[in-house]
Every structure is written in structure tokens, then in C-alpha cells.
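J.: Compute the structure for the input listed below.
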Amino acid sequence: MIEIYKEFTFEAAHQLAANVDPGHPYSYVHGHSFSVQVFFRGEPDPETQWVHDFAEIEEKINPVREILDHRYLNEIEGLSRPTLENITRWIWEQLEPSLPIIDRVIVKRGTCGEGCVYRKV
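T.: Below is the predicted model of the structure:
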């Protein structure tokens, strides 16, 4: 079994007032630089020797990135409560139908030293 991955980044704002008390720093609108890694697992095709064509992966990831980049995440359908956990799962749900060999998604907020992993069960 071989694992490959594709990385992308996006900038976005959100607020988590529903999760915290008034006055908590997360209750205000704030932004992050997000880094995403999407992992795929499989056996290389005998003819191409690829697990999957990276050009096709990028073609499927770009529309997802465009939905997220420079947006207010709370307004995106399915992300009304844009926790790191929900963002990671949302990315998975957007990609899995067209990239069924997806194995896991990692989303990081690098400046915060935080991240989340969503993996295939």
C-alpha cells in the first residue's frame, strides 16, 4: 500500500460564539491561515505506476479551496459552527465522493500550533 498527499492553504475568518462565553477571544470574528493535507492510499496502477493522478487530485481540490479561501466560514453551508473538527470533516465530505481513495485529511492552524485529523474508518 502506498500513500500520497496533496497540500493546500486558505485564509478565512470565523467566530465560535456558540461554543464559548461572551467576551472569550473566540467569540469575536477572527481569522487564520489554514494548511491542509489530503492523504490518499492505494496500490499503484500497473501501467502508470501512480496511486492517482496528481493533476486530477488538484482539479478536485481547487473548487473546495475556492469555497473556503478568503471567506467567512460561518456562512458556508455545513460550516455554521466552523470548529477545526467541523472544517476537517467538511473538507473530507466535499472530496470523498470524487476521490474515494481518500484516507485522511489534516487541517492545521500553524500560528496556533493546532490541528485536526479526520480519517477513513
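
J.: Show residues contacting the lengthiest helix in the chain.
T.: Longest helix in the chain, counting residues (DSSP state H): helix 54-68. Applying Cβ atoms under 8 Å, 6 or more residues apart in numbering, the contact partners of helix 54-68 are 4, 6, 8, 10, 12, 34, 36, 38, 40, 76, 87, 91, 94-95, 98-99. (Glycine included, C-beta is placed from N, CA and C.)

J.: from those, which would you call buried?
T.: Neighbour counting over the contacts of helix 54-68 (16 or more other Cβ atoms under 10 Å) leaves 4, 6, 8, 10, 12, 34, 36, 38, 40, 76, 87, 91, 94-95, 99 as the buried ones.

J.: and those residues, which of them are in helices?
T.: 87, 91, 94-95.

J.: Considering those, which is situated nearest to Val107?
T.: Ile87 (5.5 Å; Cβ to Cβ).

J.: could you pull out the strands for this structure?
T.: Using DSSP state E, the strands of the chain run over 2-14, 30-42, 71-72, 102-109, 114-119.

J.: Same list (these) but as JSON lines, adding distance to His24 and mean pLDDT.
T.: Listed next are those as JSON lines, based on distance: least, Cβ to Cβ, whole Å; pLDDT from 0 to 100:
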{"stretch": "strand 2-14", "distance to His24": "14", "mean pLDDT": "97"}
{"stretch": "strand 30-42", "distance to His24": "11", "mean pLDDT": "96"}
{"stretch": "strand 71-72", "distance to His24": "19", "mean pLDDT": "98"}
{"stretch": "strand 102-109", "distance to His24": "17", "mean pLDDT": "97"}
{"stretch": "strand 114-119", "distance to His24": "16", "mean pLDDT": "96"}
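
J.: In PDB, list the C-alpha atoms belonging to stretch 39-52.
T.: C-alpha atoms of stretch 39-52 as PDB (Å, rounded to 0.1, in the frame of the first residue of the first chain):
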ATOM      1  CA  PHE A  39      -3.800  11.800   2.000                       C
ATOM      2  CA  PHE A  40      -4.700   9.000  -0.400                       C
ATOM      3  CA  ARG A  41      -3.900   5.300  -0.200                       C
ATOM      4  CA  GLY A  42      -3.800   2.600  -2.700                       C
ATOM      5  CA  GLU A  43      -1.700   0.400  -4.900                       C
ATOM      6  CA  PRO A  44       0.000   2.000  -7.900                       C
ATOM      7  CA  ASP A  45      -1.700   1.300 -11.200                       C
ATOM      8  CA  PRO A  46       0.300  -1.400 -13.000                       C
ATOM      9  CA  GLU A  47       0.500   0.700 -16.200                       C
ATOM     10  CA  THR A  48       1.100   4.300 -14.900                       C
ATOM     11  CA  GLN A  49       2.700   3.300 -11.600                       C
ATOM     12  CA  TRP A  50       0.600   6.100  -9.900                       C
ATOM     13  CA  VAL A  51      -1.700   5.700  -6.900                       C
ATOM     14  CA  HIS A  52      -3.700   8.600  -8.500                       C
END
